[in-house]
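A.B. asks: Could you look at this predicted model? Sequence included:
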Amino acid sequence: MTEPPDESRPLSLDPEAETTDPTLPAFLARPEGAPAYYGFPVIGGVEVDGFRIGAITDFPSEPSNDGDAFVVAPDGTRAGLVWEANCPYYFEQVLPPDNSRWGVWAVGVPLPLGTVEHVAPYLTAILSDLRRRWEDWQ
């Protein structure tokens with residue numbers, strides 16, 4: 001895993017997400033019972049074996065070699081991803097699972113992840129590790 005960048009990246013906000021405080025974005029003022037990563041969009045039209053990716057940093061609009069995302073499992077549960085692209089493969093725990101998510105994982109893949117078209121191949125590359133962590137958490 002490389003060092004995090006010094007500059008911040010734009011966030012990808014879900015315009016449909018409701019906030020409990022109109023002065024704050026939905027991810028900072030989530031409705032009661034909302035899932036982890038509420039307020040960030042799940043990327044539409046991309047699913048691999050029931051798994052989907054959501055964007056936290058806005059990589060579809062501002063391509064990068066690293067960022068933050070989340071994965072939605074077939075049962076709707078979620079885990080965080082600190083991702084890196086165009087690098088040797090790795091899959092490491094950042095935070096352990098808890099009752100709201102099945103962990104946060106640092107992942108790197110020797111593939112790009114700069115557009116929506118890159119999401120399915122990237123997700124496919126990490127799917128066996130993701131599925132194992134999700135099944136262990138259930």
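C.D. replies: The structure has been received and is ready for your questions.
A.B. asks: remind me which residues of this structure are low pLDDT?
C.D. replies: Along the chain, the model assigns pLDDT under 70 to residues 1-7.
A.B. asks: name the element Glu39 belongs to?
C.D. replies: No, residue 39 isn't Glu; it's Gly. Using DSSP states H and E, Gly39 sits in no helix or strand.
A.B. asks: Can you get me a residue count around it?
C.D. replies: Using other Cβ atoms under 10 Å, Gly39 has 23 other residues around it. (Each C-beta comes from the backbone N, C-alpha and C, glycine too.)
A.B. asks: cool, Trp134 as well?
C.D. replies: Neighbour tally, Trp134, other Cβ under 10 Å: 20.
A.B. asks: Give me the three-state assignment for it.
C.D. replies: Three-state assignment for Trp134 (DSSP: H, G, I helix; E, B strand; the rest coil): helix.
A.B. asks: got the contact list for it?
C.D. replies: Ala73, Thr77, Ala79, Trp102 (Cβ atoms under 8 Å, 6 or more residues apart in numbering).
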